[in-house]
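1. Quick one, structure for this:
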Amino acid sequence: MEDDNYFQEEGFSPIKSLLGLLTFSTILPINVFTSIEYMTRMVWCWPFIHLFIGILAAAFGYVCGEFLHLNAFLTAALVYGFLMLITGYNHLDGVMDMADGVMVHGNPEKKISVVKDSSVGAGGIATLFLVASITIAGLTNILDYKFIAGIVICEMVAKSSLLTTALTSRPLTPGIGSYFITSTHPGNYVLSTVIVGIIAFLLGGVTGIIGLIGAIFAGLIISLIAKRNFGVANGDVLGMSNEVGRLMALLFMSIALYYL
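-> Residues are numbered from 1 along each chain as shown. The predicted model follows:
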């Protein structure tokens, strides 16, 4: 079996690092591996990689709704399942692990030990159920408005939520999450967010921008919760931020679609 070695020594290549990031975060058969240090140099481009994933999900949703004539709820559930599958369920363990750590009583060291524990508690399972259910409900709502571009936007800005948490957090070391956190700084964060905002506006107008605001808000909230409970953030916290960012983007866009 081939090792997924992200730590091998090599020269930096932006294209290879982007493909490595795509390999890292999806099940697409790209199979390009690079060192974690070089891969995370391009972390500010992560939303644009998931712009592509969002387009695939939107196309899948369009086929389900317009050609197979499935109702909005079933289409939303299938789109959510598609997103989870194509991303290899990459962040779902983060949702459960962080939730378990937040729910347990004790000092930050005890909470961090629970986050790192491979077992899953009731808090983690319940939180994952709530996040998944509300996300599907949000997808249903935007599909009721025929706002299929919202699928693309919510998947793209979920990574903006993750970057917001990374920017405002202190990393727990060692760990893969620490590389993403230390590689996110104000310069590349602002550049990424501005480009994401332009794309979101082109796709969804003011509603798209409001979706981005919802994702950024989610990233700040998850960062604050992590600081209060753990003092630091790791890959699980970033995973939680991604999933809650998608959810909050859908919630903000759903409200905007009614009022705008």
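
2. Would you mind pulling up the elements that the host helix or strand of residue 198 packs against?
-> Element membership of residue 198, judged by DSSP states H and E, is helix 186-229. Applying 3 or more C-beta pairs under 8 Å, 6 or more residues apart in numbering; DSSP states H and E, one finds that helix 186-229 makes contact with helix 46-62, helix 92-103, helix 149-167, helix 235-259. C-beta here means a position set from N, CA and C on the backbone, and glycine is covered the same way.

3. Only C-alpha atoms, please: export the shortest one in PDB.
-> Taking C-alpha atoms only, helix 92-103 is exported to PDB below (Å, rounded to 0.1, in the frame of the first residue of the first chain):
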ATOM      1  CA  LEU A  92     -16.800  15.100  10.600                       C
ATOM      2  CA  ASP A  93     -14.400  13.600  13.200                       C
ATOM      3  CA  GLY A  94     -13.400  17.100  14.000                       C
ATOM      4  CA  VAL A  95     -17.000  18.000  14.700                       C
ATOM      5  CA  MET A  96     -17.400  15.100  17.100                       C
ATOM      6  CA  ASP A  97     -14.000  15.400  18.800                       C
ATOM      7  CA  MET A  98     -14.300  19.100  19.500                       C
ATOM      8  CA  ALA A  99     -17.800  18.800  20.700                       C
ATOM      9  CA  ASP A 100     -16.800  16.000  23.100                       C
ATOM     10  CA  GLY A 101     -13.900  18.200  24.400                       C
ATOM     11  CA  VAL A 102     -16.200  21.200  24.900                       C
ATOM     12  CA  MET A 103     -18.800  19.200  26.800                       C
END
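
4. domains of the chain?
-> Using automatic domain parsing, the domain parsing of the chain gives 1-41, 46-259.

5. what about residue 180, neighbour count?
-> 25 (other C-beta atoms under 10 Å).

6. re the thing from before, just put the domains of the chain in JSON lines and tack on mean pLDDT.
-> Formatted as JSON lines, the domains of the chain follow (pLDDT from 0 to 100):
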{"stretch": "domain 1-41", "mean pLDDT": "77"}
{"stretch": "domain 46-259", "mean pLDDT": "96"}
